[in-house]
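> no FASTA, just this:
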């Protein structure tokens, strides 16, 4: 009864994807959670996606994960960000109904035949020594005792050693007043695993009736919603009535209140020792670090359709409750604001991600994996992506198959994991499009093309779905090729070209060449192209992107191919770097700590120079 193939500790966004990956590939899987009522909890903003993060959600779906499908079903507003910029950095973000998302995910877990959902706290990792190698054998949970497994995945989120702070009020707690996870940190440290302590936070929740929305800027959803998931009914998704969000700004009074009370913030009094996220700071951090800014933008967002709670994105704080009221009521439209949940900061334990292999398996304990905020990242999407990869690789290892390493040029998921395990992180890591050197290749609209093969190999994508993806890719390619050979005469296009502010033509021009002009879109040529296929809105955008950026894409593909050669040059696990002549001492120390799997990974380690890589290549050639 207490024996499984895979055990997952933690039922947040990472744990859910990990557990489903195990169960859906036919393995007997157990998912432990501190509370069944907190499965898929969104303790911060109930949103999915955003800049860079939207890319992750599309990639999760392409690999066979669940987040995108659930987010589509719980969407109450959808917006495509960065539409004024190039296709590479456009990212989808949805405001989700918090309760509905949680209910959908919990029901999905409950309905999975190979998955057992257990409310209990994992407090210890059980191991054994096999031929001098430490291997996981299971976990100890309270209540329940010992549970045995061939692989264990830790996805503890911000619960591990959790402590919340609101002014002078500090307590041992997980997010949302839930229980913290105690004991597991000590168990991991006893196995020689390096641990760290990070911090994050959340803003207050405001009662809708206490806000004067007439004073706020309205932010509508998009007129057309592109679904995250391959499985989502696009027509049904576009039939929903979207909720409005709003925008408000801090002002001089807000800033002065914060400055007058900054000594009461645990962040500045020395009470908080954990390191917070650089790209999602508290409001007091923003005011102190960016003292020259006259105002900061805040987003007023609904938590769900069946609640009056409003989330104030950008107003995260650890200041005392009475100060939160003062600074909140200094905002236009919030003069009578009623706080339903106070803002707080939370400190928690996580592992140094350089302790992990690119498969997310621990180097020191075989069969033990880490995922999500436990690995030093921040955000639901980063967590789900890692959970899915950890679940896939744990399942492959249990089945005796080779594990998957997603290279940087394949995905933002590959970039995220490579950054964590190669470079480590000194603060909660957040994905951004700027982190990838291949971002024109790694667009949202081609995630299936890039990752379906990996999902099929993992056993999460059926042959039927894969065949449909390849057929769709062929259709896109054929349409791009067709538009190269559709030609229009000057009389048919010059009035349009002049109206768009672009140079008219004296002879014929192809539809593709028209699309390549910066001022033109594929919609401009649709009335002229009487023989064109009837494509969905998302497919039209995809065709336009493939045509507009074809030259740039080819250059990045060539660079990706060159990099792939170094990624395929494997480094043995047991190299003694200290004995390699010509290798600098700093490089040998860094290489010994990270133990890169390839020359490519070694080249990205801080402190390892091109000269050190040359030494490694010579050493490899001499020791084949």
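Arrived safely, thanks for sending. All values derive from a computational prediction rather than experimental measurement. Residues are numbered from 1 along each chain as shown.
> Give me the buried positions along stretch 37-47.
38, 39, 40, 41, 42, 43, 44, 45, 46, 47 (16 or more other CB atoms under 10 Å). Quick note: C-beta positions are derived from backbone N, CA and C, even for glycine.
> In JSON lines: those residues, plus secondary structure and pLDDT.
Formatted as JSON lines, the buried residues of stretch 37-47 follow (DSSP: H, G, I helix; E, B strand; the rest coil; pLDDT from 0 to 100):
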{"residue": "38", "secondary structure": "helix", "pLDDT": "95"}
{"residue": "39", "secondary structure": "coil", "pLDDT": "97"}
{"residue": "40", "secondary structure": "coil", "pLDDT": "97"}
{"residue": "41", "secondary structure": "coil", "pLDDT": "97"}
{"residue": "42", "secondary structure": "coil", "pLDDT": "96"}
{"residue": "43", "secondary structure": "coil", "pLDDT": "93"}
{"residue": "44", "secondary structure": "coil", "pLDDT": "91"}
{"residue": "45", "secondary structure": "coil", "pLDDT": "92"}
{"residue": "46", "secondary structure": "coil", "pLDDT": "94"}
{"residue": "47", "secondary structure": "strand", "pLDDT": "97"}
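> Now distance to residue 331 too, for the residues you listed, in JSON lines please.
JSON lines is the format used below for these (distance: CB to CB, whole Å):
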{"residue": "38", "distance to residue 331": "30"}
{"residue": "39", "distance to residue 331": "34"}
{"residue": "40", "distance to residue 331": "31"}
{"residue": "41", "distance to residue 331": "27"}
{"residue": "42", "distance to residue 331": "24"}
{"residue": "43", "distance to residue 331": "23"}
{"residue": "44", "distance to residue 331": "20"}
{"residue": "45", "distance to residue 331": "18"}
{"residue": "46", "distance to residue 331": "21"}
{"residue": "47", "distance to residue 331": "20"}
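> What segments of the stretch 501-624 of the chain are helices?
Taking DSSP state H, counting those that start in this stretch to define them, one finds helices in the stretch 501-624 of the chain at 511-516, 522-525, 537-548, 550-567, 585-594, 599-603, 610-622.
> From the contact counts, what lies against the helix ranked longest in the chain?
Assignment by DSSP state H gives helix 463-484 as the longest helix of the chain. If contacts are counted by 3 or more CB pairs under 8 Å, 6 or more residues apart in numbering; DSSP states H and E, helix 463-484 sits against helix 447-458, helix 511-516, helix 537-548.
> any chance of the ones you listed in TSV, with distance to residue 353 too?
What follows is the helices and strands packed on helix 463-484, written out as TSV (distance: least, CB to CB, whole Å):
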stretch	distance to residue 353
helix 447-458	21
helix 511-516	42
helix 537-548	33
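> Save the ones you listed as TSV, and put in mean neighbour count too.
Below are the helices and strands packed on helix 463-484 laid out as TSV (neighbours: other CB atoms under 10 Å):
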stretch	mean neighbour count
helix 447-458	21
helix 511-516	21
helix 537-548	20
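> Those into TSV, with extra columns for mean pLDDT?
Shown next, in TSV, are the helices and strands packed on helix 463-484 (pLDDT from 0 to 100):
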stretch	mean pLDDT
helix 447-458	97
helix 511-516	95
helix 537-548	93
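> which one of those lies closest to residue 403?
Proximity to residue 403, assessed across the helices and strands packed on helix 463-484 by CB to CB, is greatest for helix 447-458 (9.7 Å).
> and the closest one with helix 537-548, angle?
With axes from the mean of the first three to the mean of the last three CA atoms, to 10 degrees applied, the angle from helix 447-458 to helix 537-548 works out at 100 degrees.
> all numbers from here: first residue = 467
Yes, from this point I'll number from 467; that puts the last item at helix 913-924.
> so how far is helix 913-924 off the chain centroid?
17 Å (CA atoms, centre = their mean, to the nearest Å).
> now the angle between helix 929-950 and it, please.
Using the same axes, to 10 degrees: helix 913-924 against helix 929-950 is 150 degrees.
> Run the chain-centre distance for the longest helix of the chain.
27 Å.
> And the pLDDT for residue 828?
Note on residue 828: pLDDT of 98.
> Counting neighbours, what do you get for the closest residue to residue 772 other than its chain neighbours?
Residue nearest to residue 772 in three dimensions, not counting chain neighbours: residue 565, with 6.6 Å by CB to CB, 6 or more residues apart in numbering. Using other CB atoms under 10 Å, residue 565 has 16 neighbouring residues.
> So which other helices or strands are in contact with the helix or strand encompassing residue 565?
Residue 565 is part of helix 564-576 when elements are defined by DSSP states H and E. If you count contacts as 3+ CB pairs under 8 Å, 6+ apart, helix 564-576 packs onto helix 479-490, helix 533-539, strand 581-585.
> now do 10 Å
helix 479-490, strand 495-499, helix 533-539, strand 541-547, strand 557-562, strand 581-585 (3 or more CB pairs under 10 Å, 6 or more residues apart in numbering; DSSP states H and E).
> Can you pull out the low-pLDDT segments for the stretch 717-866 of the chain?
Scanning the stretch 717-866 of the chain with the threshold set as pLDDT under 70 gives 745.
> go with 80
Within the stretch 717-866 of the chain, the stretches with pLDDT under 80 are 735-736, 738-746.
> how about the strands in it?
763-768, 775-779, 805-807, 810-817, 834-836 (DSSP state E, counting those that start in this stretch).
> For residue 589, which of these is the nearest?
strand 810-817 (13.2 Å).
> so how far is residue 761 from residue 796?
12 Å (CB to CB, to the nearest Å).
> Equivalent analysis for residue 617, please.
50 Å.
> quick one: contacts for residue 971?
When contacts are counted by CB atoms under 10 Å, 6 or more residues apart in numbering, residue 971 touches 954, 955, 956, 959, 960, 963, 979, 980.
> now those residues: which count as buried?
Buried among these by 16+ other CB under 10 Å: 954, 959, 960, 963, 979, 980.
> ok, the fifth one to residue 971 distance?
Which is residue 979. 9 Å.
> okay, and the common contacts of those two?
The contact lists of residue 979 and residue 971 share residue 954, where a contact means CB under 10 Å, 6+ apart.
> The nearest residue to residue 628 once chain neighbours are set aside - how many residues pack around it?
Distances taken as CB to CB, 6+ apart put residue 646 closest to residue 628, at 3.7 Å, once the chain neighbours are dropped. Number of residues near residue 646 (other CB under 10 Å) recorded here: 22.
> thought residue 646 was touching residue 501?
No - Residue 646 sits out of contact with residue 501 when judged by CB atoms under 10 Å, with a separation of 11.7 Å.
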